[in-house]
Every structure is written in C-alpha cells, then in structure tokens.
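J.: Provided below are the primary sequence and the corresponding predicted coordinates.
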Amino acid sequence: MAGPGDTVDVFRWGRPLALLRHRIKLPPGSQVRHQLIGLQTGADSFEFTPPADRREPVAELVARDIAAGAEIGVRLDLTR
C-alpha cells in the first residue's frame, strides 16, 4: 500500500510491448527509495536509473520485450 510520500506507477498492456521508457520527474532535492513491480533481475530485460541530480531529479525505468497482460512498474518512496 502506498504511503503519503509514495509515487506508484504501474502499467499493463493487452499486447506484447517491445520497449517501455518511463521517466518520473521528482521535486527538487528529492531522495527516493524504489521498489520494482513485476520485474525480476535475471528474468526480465530492464534498467532502472535512480535520480542522480538533486536539483532536477528524474528516475527512469526502461523495460524491453514485455509480455501481453504483464503488469510492471515502480514504486518510489520519497524520503526527503
């Protein structure tokens, strides 16, 4: 369950998807913890890049070869 400082983005498609690129712009100065949803290291083809620039923080999820009906996403817990 998401808390008051959480952002949850989950996607689902009826057809297979070759590529998903999802960028999440966060408030300046944000620090986050993340939890991937529906993606497993070693089993799925994906990359998650946490925010690197604290002045303009952006997290990015890139996933490839997503099966039809799969639910994937990311939960970001804003810690600051």
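T.: Cool, the structure landed.
J.: For Val32, which residues count as its bridge partners?
T.: Leu78 (DSSP bridges).
J.: which residues does it contact?
T.: 26, 50-51, 57, 59, 76-79 (C-beta atoms under 8 Å, 6 or more residues apart in numbering). The C-beta positions use only the backbone N, C-alpha and C, and glycine is treated the same way.
J.: could you redo the last one with a cut-off of 10 Å?
T.: Val32 makes contact with 5-7, 24, 26, 50-51, 57, 59, 74-80, according to C-beta atoms under 10 Å, 6 or more residues apart in numbering.
J.: and those, which of them are in strands?
T.: 6-7, 24, 59, 74-78 (DSSP state E).
J.: Name the member of those with the most neighbours.
T.: Per-residue neighbour counts (other C-beta atoms under 10 Å) across the ones in strands among the contacts of Val32 peak at Val74, which has 25 neighbours.
J.: what bits of the protein have low per-residue confidence?
T.: With pLDDT under 70 as the threshold, the chain has low-confidence stretches at 1-5, 80.
J.: what pairs with Leu61 across the strands?
T.: Per DSSP bridges, residues listed as beta-bridge partners of Leu61: His22, Phe48.
J.: Tell me how far it lies from Gly73.
T.: Distance of Leu61 to Gly73, computed by C-beta to C-beta, to the nearest Å: 7 Å.
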